[in-house]
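Asks: model this:
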Amino acid sequence: MAHAVPNLYLKWLAFRELLRPPQSNAEIGTRIWGPDDGPSRFSKLLRGDYGCEAGVASELAEAINKRISVVRAAKQHKQPAKHVFKGFDLELPLLEFARLIVTASEVIEPDVLDRSHRALLSEFAPARSTTGPRLAIEHFGTARFFEGAASAAGGPTIFEIGRHKGLFAVEGLPPERLAEKPKLYALFARDTSMTGKRIWEVPFSEAVRWFPSPFEPVVDSGRLLLMPEPKPVQAVIGHFHLTVAVMLDPTIVGRLDPRGADSASAPLDEEETARFLTNLSRLTRSRPNALAVCGGEYIVRQPH
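Replies: The predicted structure follows:
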């Protein structure tokens, strides 16, 4: 029985961003299944709604191989690629899969690599609503209680390792919502370019991190605190994108969390994270009053 390929949507995005195939997804779906339901079926296959049969996986792998050959030939590389993709390669973890495309191609230009890095990173930092609750990222010093927020020309708050603490809080919820103590999901996507690395050059656990979720925040002074008190920033350099989903209607948790409605509070793994973000995108469109999504950015660096 065919099973859904974990994170196929993101793997296919990596392929498209890195190698820029001329065929659209709709054209590929039509080639595999015909014009009637091919495009929609391929879209559902990527999102994990359909299982991927072995023959289809082999066709997708062959499409990748052909595009790698074209890209290499355009740069006068006549030797065979270091890796020939097989259908089972689609089962690889996302970042390993992207790294393998880069290795096999060898000739991808730096600006294309940078663009692909940003495209993959953005998938783990979904767009947040411009209305409703907002996320406050507060900056504290370790020597005295409050030093005031530091930022780069009005940009993200800057934290220096060993010098600053941080506090995250959701603001703007009405009192009746606060009284319900809605549970939260919170994840960090880390832009590793400050360290000279692209997202596929680090383990997934260094690119995406979670608060153990779902969790019940601390209600204080009309806000939902993600932690009870300011905490020192971890010694991990990067530009972080924090996304928080507020469960205004607890009955939707089972539709949002791929682990189920009664899951214990814990970080999500790579496959669960991608499925969570797919579910989040769908629910913000279909049930906009059932949850709120807010977020913000901050930078962690060495002391200057």
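Asks: helix/strand/coil for Val300?
Replies: Following DSSP: H, G, I helix; E, B strand; the rest coil, Val300 is assigned to strand.
Asks: these two touch, right, it and Gly162?
Replies: No: Val300 sits out of contact with Gly162 when judged by Cβ atoms under 8 Å, with a separation of 10.8 Å. C-betas here are computed from N, CA, C, even on glycine.
Asks: comparing these two, which residue is more hemmed in?
Replies: Legend: neighbour count by other Cβ atoms under 10 Å for Val300 and Gly162, higher for Val300 (21 against 11).
Asks: residues contacting the more buried one?
Replies: With contact set as Cβ atoms under 8 Å, 6 or more residues apart in numbering, Val300 has these partners: 159-161, 233-234, 236-238, 240.
Asks: repeat for Leu283
Replies: 252, 255-256, 290-291.
Asks: quick one: buried residues of the longest helix anywhere in the chain?
Replies: Counting residues, the longest helix found in the chain (DSSP state H) is helix 54-74. For helix 54-74, burial by neighbour count (16 or more other Cβ atoms under 10 Å) applies to 56-57, 60-61, 63-65, 67-69, 71-72.
Asks: ok, the residues you listed vs Ser263, which is closest?
Replies: Nearest to Ser263 out of these is Ala57 (Cβ to Cβ; 29.4 Å).
Asks: okay, now the sheet partners of the one helix or strand in the chain whose mean pLDDT sits lowest, with direction.
Replies: Using mean pLDDT, DSSP states H and E, strand 134-141 stands out as the lowest-scoring helix or strand of the chain, at a mean of 88. Strand 134-141 pairs in its sheet with strand 164-171 (antiparallel), by DSSP bridges.
Asks: pull the residues that contact the strand it pairs with.
Replies: By Cβ under 8 Å, 6+ apart, strand 164-171 touches 133-142, 147, 157, 159, 184, 186, 217, 222-227, 229-233, 242, 244, 246, 294, 296, 298.
Asks: my guess is Phe159 meets Glu297, correct?
Replies: No: taking contacts as Cβ under 8 Å, Phe159 lies outside contact range of Glu297: 11.5 Å.
Asks: quick one: terminal-to-terminal distance for stretch 178-197?
Replies: In terms of Cα to Cα, to the nearest Å, the two terminal residues of stretch 178-197 are separated by 41 Å.
Asks: what comes up buried for that stretch?
Replies: Buried residues in stretch 178-197 (16+ other Cβ under 10 Å): 178, 182-192.
Asks: return the member of these nearest to Thr103.
Replies: For the buried residues of stretch 178-197, the nearest to Thr103 is Thr192 (18.0 Å; Cβ to Cβ).
Asks: what are the neighbouring residues in contact with that closest one?
Replies: By Cβ under 8 Å, 6+ apart, Thr192 lies in contact with 198-199, 201-202, 206-207, 238.
Asks: same question for Glu91.
Replies: Applying Cβ under 8 Å, 6+ apart, we find Glu91 in contact with 5-6.
Asks: if we can go back for a sec, chain center to the least confident helix or strand of the chain: distance?
Replies: The chain centre lies 22 Å from the centre of strand 134-141; the measure is Cα atoms, centre = their mean, to the nearest Å.
Asks: what does it contact?
Replies: Contact with strand 134-141 is made by 128, 146-150, 157-159, 163-172, 223, 230, 242, 244, 294-298, as judged by Cβ under 8 Å, 6+ apart.
Asks: so which bits of that strand are buried?
Replies: Under the neighbour-count criterion of 16+ other Cβ under 10 Å, strand 134-141 has 134-140 buried.
Asks: CA atoms of stretch 255-273 as PDB?
Replies: The C-alpha coordinates for stretch 255-273 follow below in PDB (Å, rounded to 0.1, in the frame of the first residue of the first chain):
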ATOM      1  CA  ARG A 255      -6.800  19.000  13.400                       C
ATOM      2  CA  LEU A 256      -3.700  21.100  13.900                       C
ATOM      3  CA  ASP A 257      -1.400  18.800  15.800                       C
ATOM      4  CA  PRO A 258      -0.300  15.800  13.700                       C
ATOM      5  CA  ARG A 259       0.300  13.800  16.900                       C
ATOM      6  CA  GLY A 260      -3.400  14.000  17.900                       C
ATOM      7  CA  ALA A 261      -5.600  16.000  20.200                       C
ATOM      8  CA  ASP A 262      -4.300  14.600  23.400                       C
ATOM      9  CA  SER A 263      -0.600  14.700  22.700                       C
ATOM     10  CA  ALA A 264       1.800  15.400  25.600                       C
ATOM     11  CA  SER A 265       3.700  18.700  25.600                       C
ATOM     12  CA  ALA A 266       6.900  17.900  23.600                       C
ATOM     13  CA  PRO A 267       8.900  19.300  20.700                       C
ATOM     14  CA  LEU A 268       7.800  18.200  17.200                       C
ATOM     15  CA  ASP A 269      10.200  16.400  14.900                       C
ATOM     16  CA  GLU A 270      10.900  17.300  11.300                       C
ATOM     17  CA  GLU A 271       8.000  15.400   9.800                       C
ATOM     18  CA  GLU A 272       5.600  16.500  12.400                       C
ATOM     19  CA  THR A 273       6.700  20.100  12.000                       C
END
